[in-house]
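Colleague: fold the following.
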Amino acid sequence: IGESAFYNCSSLTSITIPDSVTSIGEYAFGNCSSLTSIAIPDGVTSIEYSAFGNCSSLTSITIPDGVTSIGADAFMNCPIVSLTLPASFDDFDSAMLNNCNTLTSLNVAEGNKTYASKDGVLFTADGETLLYYLPTRTDTAYTVPDGTITIAASAFSDNTSLESVTIPASVGNIEANAFSNCSSLAEVTIGEGDTVLVIGDYAFSSTAIETLDLPSRTTAIGNNAFSRSLLTSLTFGDNSGLTSIGESAFEGTLIEDITLPAGLRSLGELAFSNCSALTRVTLSEGLTSIGDSVFSGCSALETVSLPASLNTVGTMLFANCTSLKNVIFADNSQIRSLPVNTFYGCSALESITLPASLTEIPGKTEAGSTPTSDNRGLFQGLTSLRSVTFGEGSLCVSIGISAFEDSGLESIQLPASVASIENSAFAGT
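Modeller: From the prediction side, this is the model:
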């Protein structure tokens, strides 16, 4: 049946398709708003894009054995409640069920070698990958079966009824967007065990999760994994294996206090940016790299201690942390340079002891130029800054242009290592 063959036949109530038909084309029955039933013959192997789109009276449909593929939006806005994939079907894409707003059960016929259904939830035939949990299901709680290894990308995405999920110790991979936009999901329990766990990009973004205890088997948290969730408390299992936290992983959450595990090596850019309730962060020894803007916009953050293992710091690290009063570097810090905008907008910063490893206080690229977020002195314009101390044995050789210009600095003792003080370095203090 060709593309749009019966499109907009709004009075068509039923049709018998001959056995010779092998494909139902795009929009073939689109907008047939009176069509209530249809018998698809066994010879059909493919149902194309939006073939039955907007058949608003079509409450049930039987897909015969022989169909191997179904296109996106195939049943869009059809009021079907249950759908069974035939034994022949081997090419599932959730897009085929777009806007099936009444569908609450997805089943698979016996004998299918690719897929299986457990209580209306789609899995691979071996049961190791949970592929799709209908966004229209109304259950408030779900327990992922033990033995599941992977929760597939977008598997639970956009389900607004689910409030609680239990994930067994067998799961080692929660893929991208797995639970994203599950706006009622407030409780997630992840089992401890021996299987390494990786949490993918956006896996729990825009959920209602408030507290979470990540098992020690968690090794990586992807980009935006929990961004814009309601997370207020995050803890890590004893001897956590976590080594990396991705970009914007916790951006915009409500976390108040966090202690990062000792095994952590890198923090991606914007990882905790705009966490407006965050007051305290403990960065454990072992952390070597912090990306750009990791704590930018954390307006309640007051004190941060940076570990000795840290050697790389990104730009805008504490930008607009308007409550930040104290930054403490470890005595044996390895940090040799700080970007000029590290403390941009830190209007409450009062004192700081700089690490001996720091070789310069950076400044603007050109004297007299208008300061910007990327072209300024390191402490320029920080009017609350009263005290700056250089660590014993300081290696600092240069104070850059406008480094302390228009700050509130009252006293400073420069180390003997300083060889040059550039234009306007202390102007207006």
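
Colleague: going by C-alpha atoms from here, please, whenever you check contacts or count neighbours.
Modeller: Will do.

Colleague: okay, and the nearest residue to residue 74 once chain neighbours are set aside sits in which element?
Modeller: Nearest residue to residue 74, sequence neighbours excluded (Cα to Cα, 6 or more residues apart in numbering): residue 50, at 3.8 Å. Using DSSP states H and E, residue 50 is not contained in any helix or strand.

Colleague: look at stretch 304-312 and report the distance between its end residues.
Modeller: The first and last residues of stretch 304-312 sit 16 Å apart, counting by Cα to Cα, to the nearest Å.

Colleague: with stretch 301-318 instead?
Modeller: 9 Å.

Colleague: how many neighbours does residue 59 have?
Modeller: 16 (other Cα atoms under 10 Å).

Colleague: buried residues in stretch 191-210, which are they?
Modeller: Using 16 or more other Cα atoms under 10 Å as the burial criterion, the residues of stretch 191-210 that qualify are 191-193, 196-210.

Colleague: ugh, wrong one, stretch 256-272
Modeller: 256-258, 260-272.

Colleague: stretch 117-135 too?
Modeller: Quick answer for stretch 117-135 (16+ other Cα under 10 Å): 117, 120-125, 127-135.

Colleague: cool, stretch 300-307 as well?
Modeller: In stretch 300-307, counting by 16+ other Cα under 10 Å, buried: 300-304, 306-307.

Colleague: in strands only, show me these.
Modeller: Those of those mapping onto strands are 303-304, 306, per DSSP state E.

Colleague: now the residues you listed in a markdown table, with pLDDT and distance to residue 59?
Modeller: Below are those laid out as a markdown table (pLDDT from 0 to 100; distance: Cα to Cα, whole Å):
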| residue | pLDDT | distance to residue 59 |
| --- | --- | --- |
| 303 | 90 | 60 |
| 304 | 91 | 59 |
| 306 | 93 | 61 |
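
Colleague: would you turn those residues into CSV with distance to residue 404?
Modeller: Shown next, in CSV, are those (distance: Cα to Cα, whole Å):
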residue, distance to residue 404
303, 21
304, 21
306, 22
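
Colleague: from residue 218, how far out is residue 264?
Modeller: From residue 264 to residue 218 the distance is 11 Å (Cα to Cα).

Colleague: give me the common contacts of the two.
Modeller: 241-242 (Cα atoms under 8 Å, 6 or more residues apart in numbering).

Colleague: related to what we said a few turns ago, kindly indicate which of the ones in strands among the buried residues of stretch 300-307 lies nearest residue 83.
Modeller: residue 304 (54.5 Å; Cα to Cα).

Colleague: verify the contact between that closest one and residue 278 for me.
Modeller: No. Checked against Cα atoms under 8 Å, the pair residue 304 and residue 278 is beyond contact range at 11.0 Å.

Colleague: can you show me the strands along the stretch 251-400 of the chain?
Modeller: 257-259, 266-267, 280-282, 289-290, 303-306, 312-313, 326-329, 351-354, 360-361, 387-390, 398-399 (DSSP state E, counting those that start in this stretch).

Colleague: scratch that, the stretch 101-250 of the chain
Modeller: Under DSSP E, counting those that start in this stretch, the stretch 101-250 of the chain gives strands at 105-108, 115-118, 121-124, 129-132, 141-143, 150-151, 164-167, 173-174, 187-190, 197-199, 211-214, 218-221, 233-236, 244-245.

Colleague: low-confidence ranges, the stretch 51-200 of the chain, go.
Modeller: Along the stretch 51-200 of the chain, segments meeting pLDDT under 70 are nowhere present.
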